[in-house]
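Student: How does the following fold in three dimensions:
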Amino acid sequence: MQPSPIDFTPSECEFFSMPEAMRSFDWIRKNVRVVAGPYKGQLWNPAISPSAEEILDILDDEQVRKVFLIAPSQSTKTTIIITWLLAALMRRLDNVGYGLADESSVRRMFTKTLHEYFRLCTPLKKKLKGIDALQNTEIQLTGGAAILGMWSGSDSRARSFSAPIVVVDEEDSYHDKSAVLAMEERPDAYAGLGLSKIARLCRPKGNEDESTIWIDANAEADAWLVREAVCPACRAAQIMEHHNIVARDGSTDPQRIRREKLGRYRCEKCGYLWTDQARNQALMNGQLVSIRGKRKGAVVVAVHMRAWESPLVSLSDVLCQWFEAQGNPRKLQRFDNNVCAKPYKFVQLKQSESELARCISEHLPVGVVPDWAKCLTFAADMQKDHFKYSVCAHGLPRAEHIVDYGVVRTFEELQDLIFDSRFRTLDGNEFGIWRAAVDTGGGKNKDEQTTRTMQAYLWLLSLRPGVVFGTKGMSRIRVGEAVYHKVLDKYPDGRAIRGGLSLHFIDTDLFKRDCFWRLAEGWEEEPITFHSDTTQEYLKEIASEELERQKNGKEVWIRKRANHWLDCLTTHLALAHWQWKPSLNELAGSIEQAAPVKDAAIDAKDKPKKQENPFTDGMTLFGGEYE
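Tutor: Residues are numbered from 1 along each chain as shown. As a prediction, the model looks like this:
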């Protein structure tokens, strides 16, 4: 063989050489190493993500122009996309745009992740241009190519270049949602050549109107793919759904489920309980299947993964998070976002006095306690010169009945009601007040200079402890807490309180949501009823607020009229909540099942079909499950 008459330089040889014709999946397994965590430095193991190979093949498909990857944290979605774009650069060196929410996120992604991939991979190192190639928001490659960081709020970064590959990461966190559109324009010059590829990956955030990845994926995707698992016992193929995740022994205690690893997945066909290891095998034996549209010929593909479909997430942790979220709408919303990888559904809550009239128990006059009651609570809302109050009977499973309500003028009258009132059932069983609460908010007294809050504090300190408590609405929501206790050491004027004053802070938004659901869709499941002498004035105050969503997406309660008895009703729910210690469950002791509730809701001849509480999903706020 004659020697070549032309002597090429190494860079010219590299330029004219054929790119590696290898599947991304195969190249990644041989070349890419883990850049963080306990396995740092080791070759990437595709078994960590059962869907990784299929997702990488979808990205390799020349016909596919856009991929939506909707998945929670700890699902390896970012690793899959980054390793694919590195493999794509080995085949064809060109610009890549990588978008994140802000500049600091871009810097962190480049310096902590992308730089490490290049340092740990010899083939990638050879693609770097000089010793300063690895920069904070850019990686310079040979041949004039680069990986360029983009972020929301910087048009110059998102519009100043063209690139065949664009990655849009965690777009639901962007302050400027229009930045996604600007980023998606970068591959336009390559679209006609069949070289463009857009990958959008995100954990949905917020509700259905706020999550751009969810909205766009549903509007644009030709095929919607989810993971199908194959039961190790009966070989039945099935899509894993959350309602089949159960505790091995039926426990509903989150701490015990997590501690003893009780989470299992029940096969829909044979009932076999999968452990985490069996779940992993079932997922590896399965495949991605389309539940909407056809995968073959699809140009835009959406892949939806949930937390329980990842070997990195224990079934026990998923079940534990579910039980911890019961009775807390915010935590249930986060469960939808973080675990189910879907936006939560906003439900507008409102009532009218005419609709509430059906909750009146005609057979229970004012002052009569239902025979299923376990205790009575007293709630008062303080005004400038009077108090509105109500007395509520509580049962287990959850049932509430307003026994009495009214107005008093002085603290002395309030004290007499709390300590001296007695109420009876139709059978003659007598009840006193078990627990009472007074809202300590308010301005100055109508006829005095001292504030009503100061007067309430002094009155509470004069009472024997353990029966009457001061309450306030939470100024800031505390995650996982519907009620929390705090001891105040100073009066509003700054003077020290000898011995301190015990106050309970209440998440009023949570209890209002729960209350309105129980007065509507949840009427059959967890009834709230009123005595037979209930007036329209009272019902109007119960229906005095509406939950609405503002233009900015924020959900707020709008007061339409006086709401004092509504505040009392939500306080009753807080007084019986399991986080207020000692709880009603502890009072009830070993009682497993309450007597049937013979009430307005239960006496209805044509009972509507039971509906699940969207905020508790059939679980009580006391931690138990309804039979």
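Student: Lys388 falls within a strand, correct?
Tutor: Yes. Checked against DSSP: H, G, I helix; E, B strand; the rest coil, Lys388 lies within a strand.
Student: quick one: the strands in the stretch 151-300 of the chain?
Tutor: 165-169, 197-202, 223-230, 237-239, 245-247, 263-266, 273-274, 287-292, 300-304 (DSSP state E, counting those that start in this stretch).
Student: Now mean pLDDT and mean neighbour count too, for the ones you listed, in TSV please.
Tutor: C-beta here means a position set from N, CA and C on the backbone, and glycine is covered the same way. Shown next, in TSV, are the strands of the stretch 151-300 of the chain (pLDDT from 0 to 100; neighbours: other CB atoms under 10 Å):
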stretch	mean pLDDT	mean neighbour count
strand 165-169	97	25
strand 197-202	97	24
strand 223-230	97	21
strand 237-239	96	15
strand 245-247	94	19
strand 263-266	96	22
strand 273-274	96	20
strand 287-292	96	15
strand 300-304	98	23
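Student: of all the ones you listed, which lies closest to Glu521?
Tutor: Taking CB to CB, strand 245-247 is the member of these nearest to Glu521, at 24.3 Å.
Student: What count of nearby residues applies to Leu193?
Tutor: Using other CB atoms under 10 Å, the number of residues around Leu193 comes to 9.
Student: try Glu208
Tutor: Neighbours around Glu208, by other CB under 10 Å: 14.
Student: Could you verify my assumption that it touches Trp214?
Tutor: Yes. Proximity of Glu208 to Trp214 meets the contact threshold set by CB atoms under 8 Å, at 6.8 Å.
Student: okay, and the common contacts of those two?
Tutor: Pro343 (CB atoms under 8 Å, 6 or more residues apart in numbering).
Student: got the contact list for stretch 128-139?
Tutor: 103, 106-107, 110-111, 114-115, 118-119, 140-142, 146-149, 157.
Student: Give me the subset of those that lies in helices.
Tutor: Among those, the residues falling in helices (DSSP state H) are Glu103, Val106, Arg107, His115, Phe118, Arg119, Arg157.
Student: Could I have the buried ones of those residues as PyMOL selection syntax?
Tutor: To isolate the buried ones among these in PyMOL, judged by 16 or more other CB atoms under 10 Å, type:
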select buried, resi 103+106+107+115+118+157
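Student: Looking at the ones in helices among the contacts of stretch 128-139, spot the one nearest Gln277.
Tutor: Proximity of the ones in helices among the contacts of stretch 128-139 to Gln277 (CB to CB) peaks at Arg119, which lies at 34.2 Å.
Student: Just to check, the closest one is in contact with Lys112?
Tutor: No. Contact criterion CB under 8 Å: Arg119 and Lys112 do not qualify, at 11.6 Å.
Student: Quick check: Val230 touching Val289?
Tutor: No. With contacts counted by CB under 8 Å, Val230 stays clear of Val289, the gap being 11.4 Å.
Student: Buried residues, stretch 40-54. List them.
Tutor: For stretch 40-54, the neighbour count (16+ other CB under 10 Å) marks Trp44, Pro46, Ile48, Ser49, Pro50, Ser51, Ala52, Glu53, Glu54 as buried.
Student: Need the distance between the two termini of it.
Tutor: Taking CA to CA, to the nearest Å as the measure, stretch 40-54 stretches 24 Å from start to finish.
Student: Run through who's touching it.
Tutor: Applying CB under 8 Å, 6+ apart, the external contacts of stretch 40-54 come out as 25, 28-30, 32-34, 39, 75-76, 79-80, 83, 120, 227, 280, 283-284, 286-288, 303, 305, 309-312.
Student: Report the distance from it to the chain centre.
Tutor: Put simply, stretch 40-54 sits 28 Å off its chain's centre (CA atoms, centre = their mean, to the nearest Å).
Student: likewise stretch 384-402?
Tutor: 30 Å.
Student: quick revisit: out of the contacts of stretch 40-54, which end up buried?
Tutor: Here, 16+ other CB under 10 Å leaves 25, 28-29, 32-34, 75-76, 79-80, 83, 120, 227, 280, 283, 286-288, 303, 305, 309-311 buried among the contacts of stretch 40-54.
Student: if you skip the residues just before and after it, what's nearest to Ala496?
Tutor: Lys490 (5.9 Å; CB to CB, 6 or more residues apart in numbering).
Student: what about the one you found, how many residues close to it?
Tutor: Lys490: 12 surrounding residues under other CB under 10 Å.
Student: how far away is it from Glu54?
Tutor: Separation of Lys490 from Glu54 (CB to CB, to the nearest Å) stands at 62 Å.
Student: same thing with His363?
Tutor: In terms of CB to CB, His363 sits 62 Å off from Glu54.
Student: Next, the contact list for the residue most central in space within the chain, please.
Tutor: The centroid of the chain falls nearest to Arg334 when counting by CA atoms, centre = their mean (1.0 Å). Counting by CB under 8 Å, 6+ apart, Arg334 touches Ala325.
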